[in-house]
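[1] mind looking at a prediction? Sequence and model below.
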Amino acid sequence: MNVISQYEQGYISYSEFLGEFPDSISESQECLFGTRCVEFYVGMTLGKTNTRYFIQPYGGDHHEVIERCSF
């Protein structure tokens, strides 16, 4: 299970996430969660937001994921 899923499902704490996330950023994360989601968590790790979870709009980044990952 990747670090974003572990954090969002409560398997790791906020501090553990902050320690592990920078080393786990990859294109596969973007394909799985979408660029906006990964950008949000990068911003959270850098202290640019007070919110601790990414809330994806209904329908999500479906078109972005299809385009980026060539599905």
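    Yep, that arrived.
[2] distance between the host helix or strand of C37 and the chain's centre?
    Counting by DSSP states H and E, the element that carries C37 is helix 35-45. A distance of 6 Å separates the centroid of the chain from that of helix 35-45, by Cα atoms, centre = their mean, to the nearest Å.
[3] show me the shaky parts of the chain.
    Counting by pLDDT under 70, the chain contains low-confidence residues at 55-71.
[4] can you do 50?
    66-67, 70-71 (pLDDT under 50).
[5] tell me where it has helices.
    Per DSSP state H, the chain has helices spanning 3-8, 14-24, 27-33, 35-45, 62-69. These are given in chain order.
[6] out of those, which is closest to T51?
    In terms of Cβ to Cβ, the element of the helices of the chain nearest to T51 is helix 35-45, at 7.2 Å. Every C-beta, even on glycine, is put in place using the N, C-alpha and C of the backbone.
[7] residues of stretch 39-58 that come out buried?
    Residues 40-41, 44-45, 54 are the ones in stretch 39-58 that count as buried (16 or more other Cβ atoms under 10 Å).
[8] meant to ask about stretch 25-38, not that
    Residues 29-31, 33-34, 37-38 are the ones in stretch 25-38 that count as buried (16+ other Cβ under 10 Å).
[9] pull that stretch out as PDB, backbone CA atoms only.
    What follows is stretch 25-38, C-alpha atoms only, in PDB (Å, rounded to 0.1, in the frame of the first residue of the first chain):
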ATOM      1  CA  ILE A  25       6.700  10.900  -4.900                       C
ATOM      2  CA  SER A  26       6.600   9.400  -8.300                       C
ATOM      3  CA  GLU A  27       4.700   9.300 -11.600                       C
ATOM      4  CA  SER A  28       2.900   6.200 -10.400                       C
ATOM      5  CA  GLN A  29       1.500   8.300  -7.500                       C
ATOM      6  CA  GLU A  30       0.200  10.900  -9.900                       C
ATOM      7  CA  CYS A  31      -1.300   8.200 -12.100                       C
ATOM      8  CA  LEU A  32      -3.100   6.600  -9.100                       C
ATOM      9  CA  PHE A  33      -4.300   9.800  -7.300                       C
ATOM     10  CA  GLY A  34      -4.000  12.600  -9.900                       C
ATOM     11  CA  THR A  35      -1.700  15.500 -10.100                       C
ATOM     12  CA  ARG A  36      -3.900  17.800  -8.000                       C
ATOM     13  CA  CYS A  37      -3.900  15.300  -5.200                       C
ATOM     14  CA  VAL A  38      -0.100  14.900  -5.200                       C
END
